[in-house]
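Q: this one's sequence-less:
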Ligand SMILES: [Zn+2]
């Protein structure tokens, strides 16, 4: 276990506790940006909570990386809302087209 020990938010205790690194940080560029920039900006860390004994993973990154992700997430949510609206409009149009098709079927007269 690494000697790097610090007070961190433990997701198991749900409070600040003393945590230690269990292994050297693993740098993971794919977590930082979808386009995986050449220089890694994000480190994946395994921590040991001295309070509850759980080992958990955390990510360490510059705030700008998190802000980028939040911005992208917001744009993704907006795109999903627009897609749902377009699907609804498309379904409505198809429904009206089907109604029109039924109305244009000529009625047969009984001979
Ligand atoms: Zn804990």
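A: Nice, I can see it. Treat the numbers as computed from the prediction; the structure is a model and nothing was measured.
Q: Am I right that residue 56 falls within a strand?
A: Yes. According to DSSP: H, G, I helix; E, B strand; the rest coil, residue 56 belongs to a strand.
Q: That one and residue 8 touch, don't they?
A: No. In this structure residue 56 lies outside contact range of residue 8 using Cβ atoms under 8 Å: 9.4 Å. For glycine as for every other residue, the C-beta is placed from the backbone atoms N, C-alpha and C.
Q: Next, show the common contact partners of those two.
A: residue 47 (Cβ atoms under 8 Å, 6 or more residues apart in numbering).
Q: Strands of this protein, residue ranges please.
A: For the chain, applying DSSP state E gives strands covering 5-10, 15-21, 26-27, 43-49, 55-60.
Q: Quick one: list the elements packing against the last one.
A: Taking 3 or more Cβ pairs under 8 Å, 6 or more residues apart in numbering; DSSP states H and E as the contact definition, the neighbouring helices and strands of strand 55-60 are strand 43-49.
Q: what angle do the strand it packs on and strand 5-10 make?
A: Calculated by axes from the mean of the first three to the mean of the last three Cα atoms, to 10 degrees, strand 43-49 forms an angle of 90 degrees with strand 5-10.
Q: Are strand 43-49 and the ion in contact anywhere?
A: Yes. Strand 43-49 lies within reach of the ion by Cβ under 5 Å from the ion, at residue 49.
Q: Could you list the buried residues of that strand?
A: The neighbour-count check on strand 43-49 (16 or more other Cβ atoms under 10 Å) flags 43, 45-49 as buried.
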